[in-house]
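Visitor: My questions are about this predicted structure, shown below with the sequence.
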Amino acid sequence: MSEMKTKTFQPTPELTDLLVRSGSQQKEVSLAANAEFAKALEQPLRQGVLSGNILDGIFEPIQLAPGAAPEFPLDFLAPGTEKDFVAYTIPNHGYIPERHVEGDYVMVPTYDIGSSIDYLLKYARDARWDVVGRAMEVLEASFVKKMNDDGWHTILAAGVDRNIVVFDSDAAGGQFTKRLVSLMKTVMRRNGGGNSSSNNRGQLTDLYVSPEAMEDLRNWGIDQVDEVTRREIYVADDGAGVVNRVFGVNLHDLDELGEGQEYQLFFNNVLSGTLSGDAELVVGLDLRKRDSFIMPVREGVQIYEDDTLHRQKRAGFYGWAEQGFAVLDNRRVILGSL
């Protein structure tokens, strides 16, 4: 038996037996096994969707009780200051996020995200985990991609609404500098609400940049960064998440950021954002409490067998999840450029 190359699905003898039965040419046997197989996949898929995304550590999943309204207060700490900031929600998958400025709470809409996958019955019959495993990875990646895009689109819309883009006027275009990090820290503090003694004061904790900007960081000299930090930068894997800290700010690289890349194109073409002649977008967040970035979950990932495919000698699964995304206080987002 070929070994399935996926971190999410680890075949057991019981699961392999189920897979083989799901590939039976006897329809009743195949459909019954596929129904069991679908339920066996649900929990690993849920875990993969939550751990395999680039929203991890940003949005706080909040499980909604049955019948509960997805209502969230806009400001616990300072009643009467609700209009000092703006909330953003996304009405449906792929939609443009919406602005909320009225009232002291916001209703965060939840919506379905769905996906499906199928493969030839013979791959199940022959316990071809290399094929079935890849199919499951594609199914998982489809959920992850849709959630990532909706979450990041909400963040970008919240940032654009502030009409603030921080840049280092002393740097060459496209160059990532320590001064830009320092400037974004100051602007976040000055424009984040609160005061020196307030527990609601703005603070830049995390910065998201392109892989090209991270390469600039690797080229910083010893006069710009200490030897310990330089070593952390050199040994870090590409796309490893948090690479290191500069001025106490966690640095992350995202493939979707950078000139001509997906999230920057969304910023430019859909949100009509501008970078004043600079080449790349940088996104800064205040994640000290994660109270402003929420993901209400009405229903986690549910997986079902597709009972219409057997006549085509195929097996397949479809599923959905229901959740929403919101940035309750857009002062927790600051945009920059390089």
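Guide: Received, thanks.

Visitor: The stretch 151-300 of the chain: strands as residue ranges?
Guide: 165-167, 206-209, 242-246, 249-253, 281-285, 293-305 (DSSP state E, counting those that start in this stretch).

Visitor: for the stretch 201-338 of the chain, which spans come out with low pLDDT?
Guide: Where the stretch 201-338 of the chain drops to pLDDT under 70, the residues are 221-244.

Visitor: just the angle between the strand or helix carrying Lys146 and strand 281-285, please?
Guide: Using DSSP states H and E, Lys146 sits in helix 129-161. Interaxial angle of helix 129-161 relative to strand 281-285 (axes from the mean of the first three to the mean of the last three CA atoms, to 10 degrees): 90 degrees.

Visitor: what ranges do the helices span in the stretch 1-150 of the chain?
Guide: 13-22, 27-51, 121-125, 129-161 (DSSP state H, counting those that start in this stretch).

Visitor: Show me the one of those helices that comes nearest Gln63.
Guide: helix 27-51 (11.7 Å; CB to CB). Quick note: C-beta positions are derived from backbone N, CA and C, even for glycine.

Visitor: now the closest one, how far from the chain's geometric center?
Guide: Centre-to-centre, helix 27-51 and its host chain are 24 Å apart (CA atoms, centre = their mean, to the nearest Å).

Visitor: same question, stretch 305-315
Guide: 32 Å.

Visitor: residues of that stretch that come out buried?
Guide: Using 16 or more other CB atoms under 10 Å as the test for burial, stretch 305-315 gives 305-306, 309-310, 314-315.

Visitor: among the helices of the stretch 1-150 of the chain, which is nearest Ile113?
Guide: helix 129-161 (4.8 Å).

Visitor: Pull out the buried positions in that closest one.
Guide: For helix 129-161, by 16+ other CB under 10 Å, it's 129, 131-137, 139-144, 146-161.

Visitor: Repeat that for stretch 13-26.
Guide: In stretch 13-26, counting by 16+ other CB under 10 Å, buried: 15, 18-19, 21-24.

Visitor: what does stretch 260-280 give?
Guide: For stretch 260-280, using 16+ other CB under 10 Å, the buried residues are 261, 263-264, 266-267, 271, 273, 275, 278-280.

Visitor: what's the first-to-last distance across stretch 105-115?
Guide: Across stretch 105-115, the terminal residues are separated by 32 Å (CA to CA, to the nearest Å).

Visitor: In which helix or strand does Ala315 reside?
Guide: Per DSSP H and E: strand 314-323 holds Ala315.

Visitor: Please name the strands paired to that strand in the sheet, noting orientation.
Guide: Partner strands for strand 314-323, per DSSP bridges, with pairing direction: strand 111-120 (antiparallel), strand 293-305 (antiparallel).

Visitor: Of those, which stretch is the most buried?
Guide: Mean neighbour count (mean count of other CB atoms under 10 Å) peaks for strand 293-305 among the strands paired with strand 314-323, with a mean of 20.

Visitor: In the protein, which residue is most central in space?
Guide: The centroid of the chain falls nearest to Leu55 when counting by CA atoms, centre = their mean (2.7 Å).

Visitor: Which residue, other than its chain neighbours, is closest to that residue?
Guide: Residue nearest to Leu55 in three dimensions, not counting chain neighbours: Gly151, with 4.3 Å by CB to CB, 6 or more residues apart in numbering.

Visitor: While we're on the one you found, how confident is the model there?
Guide: At Gly151, the pLDDT value in this model is 93.

Visitor: Ok, Asp168 next?
Guide: 90.

Visitor: Tell me if I'm right that it and Leu180 touch.
Guide: Yes: when contacts are counted by CB atoms under 8 Å, Asp168 is listed as touching Leu180 (4.3 Å).

Visitor: Looking at these two, which is more packed in?
Guide: A side-by-side neighbour count of Asp168 and Leu180, using other CB atoms under 10 Å, places Leu180 first with 24 against 20.

Visitor: Show the contacting residues for the more buried one.
Guide: Going by CB atoms under 8 Å, 6 or more residues apart in numbering, Leu180 touches 166-168, 171, 282, 336, 338.

Visitor: Would you mind measuring from the residue nearest to Leu55 to Ala326?
Guide: According to CB to CB, to the nearest Å, Gly151 stands 10 Å off from Ala326.

Visitor: what residues are shared contacts of these two?
Guide: Met295.

Visitor: follow-up on the earlier one: of the strands paired with strand 314-323, which approaches Leu204 most closely?
Guide: The minimum distance between Leu204 and the strands paired with strand 314-323 falls on strand 293-305, with 14.5 Å, by CB to CB.

Visitor: relative orientation of the closest one and helix 27-51 in degrees?
Guide: For strand 293-305 against helix 27-51, the angle by the same axes, to 10 degrees is 170 degrees.

Visitor: Just the C-alphas of strand 293-305, formatted as CSV.
Guide: Presented in CSV, the C-alpha positions along strand 293-305 are these (Å, rounded to 0.1, in the frame of the first residue of the first chain):
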residue,chain,number,x,y,z
PHE,A,293,-10.9,40.1,15.0
ILE,A,294,-13.7,37.6,15.3
MET,A,295,-15.0,34.6,13.4
PRO,A,296,-18.4,33.5,14.6
VAL,A,297,-19.0,29.9,13.7
ARG,A,298,-22.6,28.7,13.3
GLU,A,299,-21.6,25.2,12.0
GLY,A,300,-18.2,23.6,11.7
VAL,A,301,-17.1,21.6,8.6
GLN,A,302,-19.7,19.0,7.7
ILE,A,303,-18.8,16.2,5.2
TYR,A,304,-21.3,14.0,3.3
GLU,A,305,-21.0,11.3,0.7
